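In: predicted model follows, preceded by the sequence.
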Amino acid sequence: MATDLGATQLRDSGSFRVFADPGGHPFCLYPDPDPRDTSDRPLSGAIGHIVFDCFSPRALASFYAKLLAMPERLQDDPSWVVTGGADRRPPYLAFQHTAAPPPRWPDPAFPQQMHLDLDAEAGGATDQLALELGAIRLADLGGSCPIYADPAGHPFCLCTPDQ
């Protein structure tokens, strides 16, 4: 159970439970999707959704759907969008509406909230695609991979196999 590992349960929404890890970061746990399994065993721990808070879920979902070749819209409404790969298997990317201030990396007053390290093709094709889709290249702060901000301000890195 998550609480045995130091998490704090914040809410039980019936179909899922919201917890905070020991650092205060929220995460959700959903029941096992197999309706035949009636045991009370713990979940597998597999990632189901990676959720981005943003002002415009549809716009940010479109950016990542094109950048990561995850074109399948599994859910789509103004406040919640879920995209996945053509095989429709997790992990999925989810985008939920929030009016919270966007990140301004590396400003600690507007924290990054999360970031992704993405595998990129050598030669810069992925970098170019990210820029064409609306990403902004951020200043290099000494890491091994180039850093970008998505259209909502979340930082992400594009790392080639040699980095």
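Out: Great, that's in hand. Residues are numbered from 1 along each chain as shown.
In: low-confidence regions, the protein specifically.
Out: 31-45 (pLDDT under 70).
In: domains for it, by residue range?
Out: 2-97, 116-159 (automatic domain parsing).
In: identify whichever of the ones you listed lies nearest to residue 105.
Out: domain 116-159 (4.3 Å; CB to CB). C-betas here are computed from N, CA, C, even on glycine.
In: how long is that closest one from one end to the other?
Out: End-to-end distance for domain 116-159, by CA to CA, to the nearest Å: 10 Å.
In: quick one: distance of it to the chain centre.
Out: 15 Å (CA atoms, centre = their mean, to the nearest Å).
In: just stretch 153-163 next, same as before
Out: 14 Å.
In: how about stretch 4-20?
Out: Using CA atoms, centre = their mean, the distance between the centre of stretch 4-20 and that of its chain works out at 19 Å.
In: please report how far residue 77 lies from residue 60.
Out: 14 Å (CB to CB, to the nearest Å).
In: ignore what I typed, I meant residue 117.
Out: Distance from residue 117 to residue 60, by CB to CB: 18 Å.
In: who has more neighbours, those two?
Out: Using other CB atoms under 10 Å, the more surrounded residue of residue 117 and residue 60 is residue 60, with 25 against 13.
In: for that one, give me phi and psi.
Out: phi -70, psi -30 (degrees, to the nearest 10).
In: could you give the bridge partners of the most centrally placed residue in the chain?
Out: Nearest residue to the geometric centre of the chain (CA atoms, centre = their mean): residue 50, 3.5 Å. For residue 50, the beta-bridge partners are residue 93 (DSSP bridges).
In: that one contacts residue 92, correct?
Out: Yes - taking contacts as CB atoms under 8 Å, residue 50 lies within contact range of residue 92: 7.5 Å.
In: how about the contacts made by the closest residue to residue 8 other than its chain neighbours?
Out: Distances taken as CB to CB, 6 or more residues apart in numbering place residue 20 nearest to residue 8, at 4.9 Å, with adjacent residues excluded. Residues in contact with residue 20 (CB atoms under 8 Å, 6 or more residues apart in numbering) are 7, 8, 10, 26, 27.
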